[in-house]
Every structure is written in structure tokens, then in C-alpha cells.
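Asker: Need coordinates for the below:
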Amino acid sequence: MTSQGSVPLAPRKAEEDVWRYPRPPALQRTPNRLRVIWTSSEGEETVIADTTEGYRVLETSHPPTYYLAPSSVKVPLSKTTRQTFCEWKGKASYHTFDPPSSSKGIENRIWSYPRPTADFAPIKDYLSFYASTGKTEAETGGRWKCYVDEEEVGVQEGDFYGGWITSNIKGKMKGGPGTWGW
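Answerer: Predicted structure coming up:
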């Protein structure tokens, strides 16, 4: 089993090419502050999660996928019945976030690994968020924004991958039309 101390630390803000990321994927601790903030249609903000104790997973042709410590989550989440399987990390469980002053929950846009493979043991129960709710603000009563330090992240194309794109991440990324078979 890998301990946090033996997981390498990511560079803070170096320019990175996604085609130089490894396959199979690699796990790194990140020195960056990771935040997810809900903003209602009325402009009220609620911190969903905020941590400086996160991890990121790097895989060829993907922007980093960030995992936030369970203790960083400031709102209740409930598990859904959805599960998926990653050949590298194991079986993922999904969660629902019920935004304040909204009758519509955001389902299956947050996931975790309750029993990850040995190489990814440090992210056990850590939570990863898609950079978008996947729905319009009218459908959800607001939207969340994801941040690495003070930079709001961009969304990895497609609805299968959950990478966060920051200004230092370069290269053609998997997820958009025509990239499924890469």
C-alpha cells in the first residue's frame, strides 16, 4: 500500500503537456488549493469543498483529475446507486449534492473510490467533481465553479472524463468528438 509520504508532489504551476503524462496513470499529491463553490441563480455562494490536501491523477491525453479530502466537503452529500469501473483505480461510487434553495439535486457529478486498487489507496473516499454540473443553470438553480488556487478551471470535453483544465495544461485532450478510441 502506498502512503501519502511516498506519493510524489506535483509541481505548483509548471506548464505541462498532457501527452507527456503516463499510462498507466500516476497519482500525485498537489500543493494547490482546490475549491468547489456553488453559486445560486441569485448570486449566493456556498463552499462545497475547500482543501490544500488533495491529489491529482495524470493520464496520457487527459487534463489532471483532482481528488479532494472527504474532510474538505462542507455540505452533505448522499450516495447514489451509480457505479463505474476504472481498470486502474477500481470501482467508483457516485454522489448527489442538494444545492441550497433548490429543489433539484445534482446527481452523479461527484465520485469517489471506497476501495481503490493498491496504487491508488491514498485517494480512498476522496471526492472528485466534474468541472461542470452537466446541466443548465435554469435546470439546477445555479452552478458550481471549480478552482485550482485562484484559477477557475475549464471543463474537459465529453461527459465521461472529469479532468480540470488550467492555463498551464497544454496539448490535444481526450473527451471531445472523435477522441473515444485514442
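
Asker: where along the chain do the helices fall?
Answerer: Along the chain, the segments classed as helices by DSSP state H run 137-140.

Asker: Return the set of buried residues in stretch 168-182.
Answerer: For stretch 168-182, a neighbour-count test (16 or more other C-beta atoms under 10 Å) marks 169, 173-175 as buried. Where C-beta positions appear, they are placed from N, C-alpha and C, glycine not excepted.

Asker: same check, this time on stretch 65-80
Answerer: 65-69, 72-73, 77.

Asker: Just checking the distance from stretch 47-57 to the centre of its chain.
Answerer: 9 Å (C-alpha atoms, centre = their mean, to the nearest Å).

Asker: pull the helix or strand with minimum mean pLDDT from the chain.
Answerer: In the chain, no helix or strand scores lower on mean pLDDT, DSSP states H and E than helix 137-140, which sits at a mean of 88.

Asker: hang on, the earlier thing: tell me the one among the buried residues of stretch 168-182 nearest to Pro11.
Answerer: Closest approach to Pro11 among these (C-beta to C-beta): Ile169, at 11.9 Å.

Asker: Surely the closest one and Thr65 touch.
Answerer: No - Ile169 is beyond contact range of Thr65, at 11.6 Å (criterion: C-beta atoms under 8 Å).

Asker: What separation do you get for the closest residue to Tyr126 other than its chain neighbours and Ala92?
Answerer: Closest residue in space to Tyr126, ignoring its immediate chain neighbours: Tyr67 at 3.8 Å, by C-beta to C-beta, 6 or more residues apart in numbering. In this structure, Tyr67 and Ala92 are 11 Å apart, going by C-beta to C-beta, to the nearest Å.
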